[in-house]
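Undergrad: model this:
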Amino acid sequence: MFAAAIIPGLMLAALYMLYTFVLIKVKKDVVPQEAIREGEVIYSVWDGIKAFVPFIFLILAVMGAILAGICAPTEAAGLGAFGAFLIALAYRKINWQVLKESAISTLKTSTMIAFIAIGANIFTAVFFGVGCGTVVKQFIAALGLGPTGTMIIILLIVFLLGMLIDWVGILLIVVPIFMPIIAEFGLDPLWAVMMIVVILQSSFLTPPFAYALFYIKGIAPKGVTITDIYWGVIPFI
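TA: Residues are numbered from 1 along each chain as shown. Below is the predicted model:
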């Protein structure tokens, strides 16, 4: 499944970069016009490349370990965390305050995900326990849309949920409900899950609950409003 996501991910990244490149060529006013000498630009780019190299090796090590079957994603995540710790140690960025903040942040995130998982599992158990799974399956089958139409409906539901619910909750709720329907229509489960994941990534971009947009607002210049960001993200969606 991890290997199957590489090509769609690279395609999305390439399309995003292509759109950005075309945009700055067509509308030059969207790029801040700063008077920077060529030598300073080259130095800045080279400096950035040197700073980014360790993280490239870290990403390749984590992805390579998963693709080669050396370790599962959970163990690879631990490997990545240890590698990031070594990089921070090499850059002399580690102190007790940083370790404390990292531990607290990790604990908060893990607790949030755990509660989402518990709630989603309870919801799914009740949903199937009262027979709603069968009702949904019969309803979609009664629409007579066929495999392609059914998949489009599922993806549309995932897209709409992405505007309102965290992606972890969507996965834990939607996948158990829709996977039996996908299997009923004879669709490839791996292909179907990849389609869901690709649509699901838009949940980071679709308002009102769009984590990526809130992050961009936090680092954007003072003149940029959240409305500007909402309009700007539409082509990427």
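Undergrad: next helix or strand past the lowest-mean-pLDDT helix or strand in the chain?
TA: One helix or strand of the chain scores below all others by mean pLDDT, DSSP states H and E: helix 38-67, with a mean of 72. Toward the C-terminal end, the helix or strand that comes next after helix 38-67 (DSSP states H and E) is helix 73-90.
Undergrad: just checking, what packs against that next one?
TA: Packed against helix 73-90 by the contact rule (3 or more C-beta pairs under 8 Å, 6 or more residues apart in numbering; DSSP states H and E) you find helix 38-67. Where C-beta positions appear, they are placed from N, C-alpha and C, glycine not excepted.
Undergrad: show me the contacts for the most centrally placed residue in the chain.
TA: Nearest to the mean C-alpha position of the chain, counting by C-alpha atoms, centre = their mean, stands residue 201 at 4.6 Å. Contact partners of residue 201, counting by C-beta atoms under 8 Å, 6 or more residues apart in numbering, are residue 12.
Undergrad: what's the answer for the one 4 residues further on, then?
TA: In this structure, residue 205 makes contact with 212-213, 233, 236-237, judged by C-beta under 8 Å, 6+ apart.
Undergrad: Where helices are concerned, which of those residues count?
TA: Of those, the ones assigned to helices by DSSP state H are 212-213, 233.
Undergrad: Of those residues, which is the most crowded?
TA: Within these, neighbour counts (other C-beta atoms under 10 Å) peak at residue 213, which reaches 20 neighbours.
Undergrad: in terms of contact, does that one touch residue 227 like I think?
TA: No - Residue 213 is beyond contact range of residue 227, at 10.6 Å (criterion: C-beta atoms under 8 Å).
Undergrad: can you pull the buried residues of stretch 83-97?
TA: Residues of stretch 83-97 classed as buried under the neighbour-count rule (16 or more other C-beta atoms under 10 Å) are residue 83.
Undergrad: Can you give the contact residues for it?
TA: Contact with stretch 83-97 is made by 54-55, 58, 61-62, 98, as judged by C-beta under 8 Å, 6+ apart.
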